[in-house]
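> missing the sequence, but the structure's below:
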Ligand code: DI6
Ligand code: FE
């Protein structure tokens, strides 16, 4: 169990330097989980059972379940309730060697609840040693009250939510779900334009369930990453390569939704596109808290090598967040975010599923 009292490896009064016994162990950069939705209210276990009886994710969403049921529960939850449930999730990630996590809003879909979620995310950042990157995902789904006028909701996101969030400084990036059950290209572009004008980084949930051409649009706006990408075409891959955009692959959602179309990993390789791997931790499409299991899935479901997968949660995870100058590898001048593993080889982290042999985690030079 990791201690809650961080200590710094500093010379003591007697000039002794504290030491950690690393014999027969591996030190790796702290892991970066670069795409999560880990603040949410309620549960969707009923929908899991509906899916086991044949309903699809899209059908449940179209009937008002899916993201909407989490929106309802998140609107009804107090800030403290959301903080307590999210704390358990983030603590578990920390215990698996995660030292940086990105967390998206997007289960509020009104100004009050989006701000409440971002405030919970900020509180997690203040109270946990993990570095938290907050992303505003107001354009995650169309809230029921805007069913007949989706463009009006986009106006609310652009004219009201984005400026307020900018003013409060509680998000650094803006994401959109560009999909037939999300937002179309025109709506996505409106959000990106406004976000870039305000100085936010942008990223996109792109080509997850269909090829909507979102990736090409995101590259035009200098997106840090495009995420999911199962239905991405070769033309889209070429655009990503041209604009140096990181591909974030989310095998948890692929597995949980029983998707059969794999993201074009061989094309990413050929075009030298950095591939990041992440949990996508969320109640609907990837309620999977184990990063170790996600690493294993990336190997077996997406045909990635152990090396690619470990790069995916270190330096390429950093690229997806635009923080590769300070995190994601062990180098002089970078933050001392490290994990000490009791393993024989790094490939054990992909191979020995269910075992999380972390011995010590250091964040910013502090032992956790
Ligand atoms: N794609 C996803 O996989 C998650 N959001 C998104 O845009 C799912 C979120 C959910 O079902 O609650
Ligand atoms: Fe997601």
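That came in fine, so what should we check first? Keep in mind that what you see is a predicted model, and the values were worked out from it rather than measured. Numbering: from 1, shown residues only. Ligands and ions are numbered 1, 2, ... in the order given.
> residues in contact with residue 96?
Residue 96 makes contact with 31, 290-292, 356, 358 under the criterion C-beta atoms under 8 Å, 6 or more residues apart in numbering. For glycine as for every other residue, the C-beta is placed from the backbone atoms N, C-alpha and C.
> Can you tell me which of those residues has the most neighbours?
residue 31 (30 neighbours; other C-beta atoms under 10 Å).
> ok, what's across the strand from that one?
On DSSP bridges, the residues paired with residue 31 through beta bridges are residue 98.
> Flag every residue of the stretch 251-368 of the chain that's near ligand 1.
Applying C-beta under 6 Å from any ligand atom, we find that the stretch 251-368 of the chain lies next to ligand 1 at 253, 280, 282-285.
> returning to that earlier point: dump the contacts of residue 96 to CSV, plus secondary structure.
CSV is the format used below for the contacts of residue 96 (DSSP: H, G, I helix; E, B strand; the rest coil):
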residue, secondary structure
31, strand
290, coil
291, helix
292, helix
356, coil
358, strand
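> Residue 301 reaches residue 254, doesn't it?
Yes: between residue 301 and residue 254 a contact is recorded at 6.0 Å, counting by C-beta atoms under 8 Å.
> Settle it for me: which of the two has more neighbours?
residue 254 (24 against 17).
> Secondary structure element holding that one?
helix 251-256 (DSSP states H and E).
> model confidence over that helix, on average?
Average pLDDT, helix 251-256: 98.
> can you give me how far the very next helix or strand once past it is from the chain middle?
On the C-terminal side of helix 251-256, the closest following helix or strand by DSSP H and E is helix 265-270. In this view, helix 265-270 has its centroid 21 Å away from the chain centroid, taken as C-alpha atoms, centre = their mean, to the nearest Å.
> One more: stretch 282-294?
11 Å.
> Give me the buried positions along that stretch.
282-294 (16 or more other C-beta atoms under 10 Å).
> Just those: which are in helices?
291-294 (DSSP state H).
> Where in this protein is the helix or strand with the lowest mean pLDDT?
strand 7-8 (a mean of 56; mean pLDDT, DSSP states H and E).
> now for the next helix or strand after it, which elements pack on it?
Using DSSP H and E, the helix or strand that follows strand 7-8 in sequence is strand 26-29. Counting contacts by 3 or more C-beta pairs under 8 Å, 6 or more residues apart in numbering; DSSP states H and E, strand 26-29 packs against strand 338-341.
> which residues touch the strand it packs on?
In contact with strand 338-341 (C-beta under 8 Å, 6+ apart) are residues 20, 22, 25-31, 97, 99, 330, 348-349, 357-362.
> For ChimeraX, what selects the buried ones among those residues?
Selecting only the buried entries of the contacts of strand 338-341 in ChimeraX, with 16+ other C-beta under 10 Å as the criterion:
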select :25,26,28,29,30,31,97,99,348,349,358,359,360,361,362
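> And the residue of the stretch 251-368 of the chain closest to ligand 1?
Closest residue of the stretch 251-368 of the chain to ligand 1, C-beta to the nearest ligand atom: residue 284 (2.1 Å).
> burial of residue 218, as a residue count?
30.
> for residue 216, same thing?
Neighbour count for residue 216, taken as other C-beta under 10 Å: 20.
> Name the helix or strand for it, please.
Residue 216 belongs to helix 214-220, assigned by DSSP H and E.
> Would you mark the buried spots in that helix?
So, applying 16+ other C-beta under 10 Å, buried residues of helix 214-220: 214-219.
> just stretch 125-136 next, same as before
Within stretch 125-136, judged by 16+ other C-beta under 10 Å, the buried ones are 125, 128-136.
> For those residues, work out which two are farthest apart.
The widest separation within these, taken as C-beta to C-beta, falls between 129 and 136 and amounts to 23.6 Å.
> distance of the nearest residue to residue 122 once chain neighbours are set aside from residue 113?
What sits nearest to residue 122 in space, not counting adjacent residues and going by C-beta to C-beta, 6 or more residues apart in numbering, is residue 170, at 5.4 Å. Counting by C-beta to C-beta, to the nearest Å, the gap from residue 170 to residue 113 is 14 Å.
> Looking at those two, which is more packed in?
Per other C-beta under 10 Å, whichever of residue 170 and residue 113 has more neighbours is residue 113, with 22 against 19.
> who does the host helix or strand of residue 155 touch, helix- and strand-wise?
Following DSSP H and E, one finds residue 155 within helix 150-156. With contacts defined as 3+ C-beta pairs under 8 Å, 6+ apart, helix 150-156 has these neighbours: helix 185-197.
> can you give me how far the helix it packs on is from the chain middle?
21 Å.
> mind listing what's buried in it?
Applying 16+ other C-beta under 10 Å to helix 185-197 flags 187-192, 194-195 as buried.
> what does stretch 256-273 give?
Neighbour counts over stretch 256-273 (16+ other C-beta under 10 Å) mark 256-257, 259, 263-265, 267-268, 271, 273 as buried.
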